[in-house]
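Novice: Please work out how this folds:
(2 chains)
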Amino acid sequence: MAEDSVKLLGNWVSPYSLKVKWALKLKGIQYQYVEEDLQNKSPMLLQYNPVYKKIPVLVHDDKPLAESLIILEYIDEVWKQNPLLPIDPYERAKARFWAKFVDDKCVPALMAAFSKKGEEQERAVKEAHENLKILESGLEGKRFFGGETIGFVDIAAGWIGCSVQMTGEIIGINLIDAETMPLLHSWFQDFLEIPLIKECLPPQDKLLEYIKELHTKILTAAST
Amino acid sequence: MASSAVVTANQLIIMAELKLFRTWSSRFSLRVVWALDLKGIQYDTIFEDLSNKSSLLLQYNPVYKKVPVLVHNGKPLLESLVILEYIDETWKQTPLLPEDPSERAMARFWAKFGDDKVLPSIWNVFIKQGKDQEEAIVTAQENLGCVERQLTGKKFFNGETIGLVDLAFGWLANLLSVFEEVCGVTLIDLEKFPLLLEWIQNFADAPIIKESWPPRDKLITKYQALHEVYTSKEAPK
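Specialist: Numbering: from 1, shown residues only, chains lettered A, B, ... in the order given. As a prediction, this is how the structure comes out:
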């Protein structure tokens, strides 16, 4: 496919555009990347995603698609190599369930653990921990959610591993530790070792600075 | 499962059964009822009392402990839109999703928009009062405006026939008017939402769909009670 027929509007810190980058890389799809300034959204983004005005947006043959998991399913249906979802309908349903669980349950709890203080933070950390334990059960003892190789859920959930490690340094709480979550912990380690996964990550020192600043801003805003 | 290699006939029957755990009013369970009925699939229904959940439900859905749960050959499926896609992939007659990948992506987008934005914004109108409710109405109507535009030139969201997005928005065809009646607010009028009103009419009266509507008077009673709980918590602003 010619590069100019596939365009990804994203942002370097966004885990949602990272998911799409991973999927495109896994399938070897050439694309044009457009970095969006989220404080100053381009007319192109607003035209392509008028409903949410958010990234990521994948544009394929001039047709825009939004919402990262929906984009992942589209990519999987159009480009059949290195499939993300399994063939069996029940396994596909399980994969969709876990990907949705990450977005609906894990992400809000992690964000709360990151942005709250005191008792509220303690509650959020407890909830995040419980949800991550539940996510761990989705591995069903496998190396990756996709089995021996990564698939839909790995790409949907993988960034959590990176995020938890980084925010753990900032808030001083390790949410995925080898003792209480051995399987999830080794999943995340193995996931990050994969070359194509590593290659798409934003520069980690730059990201850490960004997240530290964000943390300070959030806590300052909360106390005023 | 028996540890011996012999599977009894009863066990085979149980495994081959399709069971739907639902409640009488659950809008999410209704989607699954419609999907199965539209495809002519036989199944057993287990009605749950959510104030007293059965041990089977808790066993099948330990994560969320909610309905609907569809159990097929002993394997549980959760989350209504995930269940709908499973049904569509397993039974190919009367497809719910189009074949073209970009149309499928759009269908998934609008179904998700319905659950993530439309439903919560309408619920906010239902539970709030005074100025908060006025603001909630603006947001709800903006979201409904997006939905209205999707019906341009189409009888159903799926085109000439009912599809996944229609089932996902199905609750608009019965619950919206219940909410409007209970809280005394008209959210969709003929002037601003002619296509949506027409869709509601077509969907509500469609064969198969119309056979499963929960009784309206029972819904009014239920939501009146809920409305009182929410509005007694806060004084109007």
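Novice: you'd agree B:Thr45 is in a helix?
Specialist: No: if the criterion is DSSP: H, G, I helix; E, B strand; the rest coil, then B:Thr45 is strand and not within a helix.
Novice: Does the nearest residue to it once chain neighbours are set aside belong to a helix, a strand or coil?
Specialist: Spatially, and ignoring its direct neighbours in sequence, B:Thr45 is nearest to B:Leu20 (5.3 Å; CB to CB, 6 or more residues apart in numbering or on different chains). C-beta here means a position set from N, CA and C on the backbone, and glycine is covered the same way. Counting by three-state DSSP, the backbone at B:Leu20 sits in strand.
Novice: Pull out the buried residues from whichever helix in chain B runs longest.
Specialist: In chain B, taking DSSP state H as the definition, the longest helix is helix B:130-150. For helix B:130-150, the neighbour count (16 or more other CB atoms under 10 Å in any protein chain shown) marks B:133, B:136-137, B:139-141, B:143-144, B:147-148, B:150 as buried.
Novice: And the residues you listed, which is closest to chain A?
Specialist: Set against chain A, the nearest of the buried residues of helix B:130-150 by CB to the nearest CB is B:Asn143 (9.1 Å).
Novice: how far away is that closest one from A:Gly141?
Specialist: Noted for B:Asn143: a distance of 42 Å to A:Gly141, by CB to CB, to the nearest Å.
Novice: same check, this time on B:Val165
Specialist: Counting by CB to CB, the gap from B:Val165 to A:Gly141 is 37 Å.
Novice: Check B:Pro76 too.
Specialist: To A:Gly141, B:Pro76 is 19 Å away according to CB to CB.
Novice: Same drill for these two, tell me which one is more crowded.
Specialist: When neighbours are counted by other CB atoms under 10 Å in any protein chain shown, B:Pro76 and A:Gly141 differ, and B:Pro76 comes out ahead with 21 against 7.
Novice: Give me the neighbour count for the closest residue in space to B:Leu164 that isn't next to it in sequence.
Specialist: Nearest non-adjacent residue to B:Leu164, counting by CB to CB, 6+ apart: B:Leu96, 4.3 Å away. Neighbours of B:Leu96 under the rule other CB under 10 Å: 25.
Novice: Kindly report the same for the one 5 residues further on.
Specialist: Counted by other CB under 10 Å, the residues lying close to B:Pro101 total 18.
Novice: count of residues packed around the nearest residue to it once chain neighbours are set aside?
Specialist: Spatially, and ignoring its direct neighbours in sequence, B:Pro101 is nearest to A:Glu77 (4.1 Å; CB to CB, 6+ apart). Number of residues near A:Glu77 (other CB under 10 Å) recorded here: 17.
Novice: quick one: A:Glu77 from B:Lys75, how far?
Specialist: Counting by CB to CB, the gap from A:Glu77 to B:Lys75 is 24 Å.
Novice: quick one: contacts for B:Ile127?
Specialist: B:227, B:230-231 (CB atoms under 8 Å, 6 or more residues apart in numbering or on different chains).
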